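Participant: only the shape, not the letters, is given here:
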């Protein structure tokens, strides 16, 4: 049986980017910065350049070489009992199950979607994700397998916004002292940060509270996985940062 998602129930990764390309820009390139859909466009570019579905490219080039066997854009029936439930937590109210869909992602992840986003939608485990972050900390290799060149990893975690662009990022409360590199935050001035930290650390967090950081200066990575809607960088992750960096 073909699922609605596989049968065109949602737009494809490339179709999304093509539609987005018809939307006017907020400003001329390089004149400011806004958090948006750049990673999703990269996913479409990879599909066109490789001739492969984005998920297939990730599996072939990254997930399988790293042994990330539980990472994908959907969760098959035999693994559905391992998929964590999502909760909507509001101050002063009891937590409730979140059952809606968001960002073009089906909450139950039961079928492979037509739209595989470059910026959202992967299901994984902390063990799988740790292999990926360790690869970044190692300069692109893991267990003798090279995924990226050292110069590429340095570029990912080091290239940041210009002074003009930084003005747009500085409006992001809670990320004082950080800049934005290649789809990740990069700590450039620990003296301005609202938590303890290490210059040059880089990472990102997700809508459901999955938090990732690579800290080259201290040869360390850390991950936190929750299933809390609208979480991102929130109180708990900031407290954990302070505990880790105070050791």
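Facilitator: Done, it's in. Predicted model, so just to flag it, every value in this text is computed and none were measured.

Participant: from here on, just use CA atoms for contacts and neighbour counts.
Facilitator: Noted.

Participant: which residues does the residue nearest to residue 200 when sequence neighbours are not counted bridge with?
Facilitator: Counting by Cα to Cα, 6 or more residues apart in numbering, residue 200 lies nearest to residue 187, which is 5.3 Å off, once chain neighbours are set aside. On the basis of DSSP bridges, residue 187 is bridged to residue 178.

Participant: count the neighbours of residue 187 for me.
Facilitator: 27 (other Cα atoms under 10 Å).

Participant: that one reaches residue 195, doesn't it?
Facilitator: No. Between residue 187 and residue 195 there is no contact under Cα atoms under 8 Å: 10.9 Å.

Participant: stretch 20-34 - what's its average pLDDT?
Facilitator: Per-region confidence: stretch 20-34 scores 92 on mean pLDDT.

Participant: and residue 17, what does it touch?
Facilitator: 40-41, 44 (Cα atoms under 8 Å, 6 or more residues apart in numbering).

Participant: let me know the pLDDT of it.
Facilitator: Residue 17 is assigned 95 on the pLDDT scale.

Participant: let's verify it: helix, strand, or coil?
Facilitator: Secondary structure, DSSP: H, G, I helix; E, B strand; the rest coil: residue 17 is helix.

Participant: relative to residue 39, how far out is it?
Facilitator: Note on residue 17: its distance to residue 39, by Cα to Cα, to the nearest Å, is 10 Å.

Participant: can you list residues touching both of those two?
Facilitator: With Cα under 8 Å, 6+ apart, residue 17 and residue 39 have no common neighbours.
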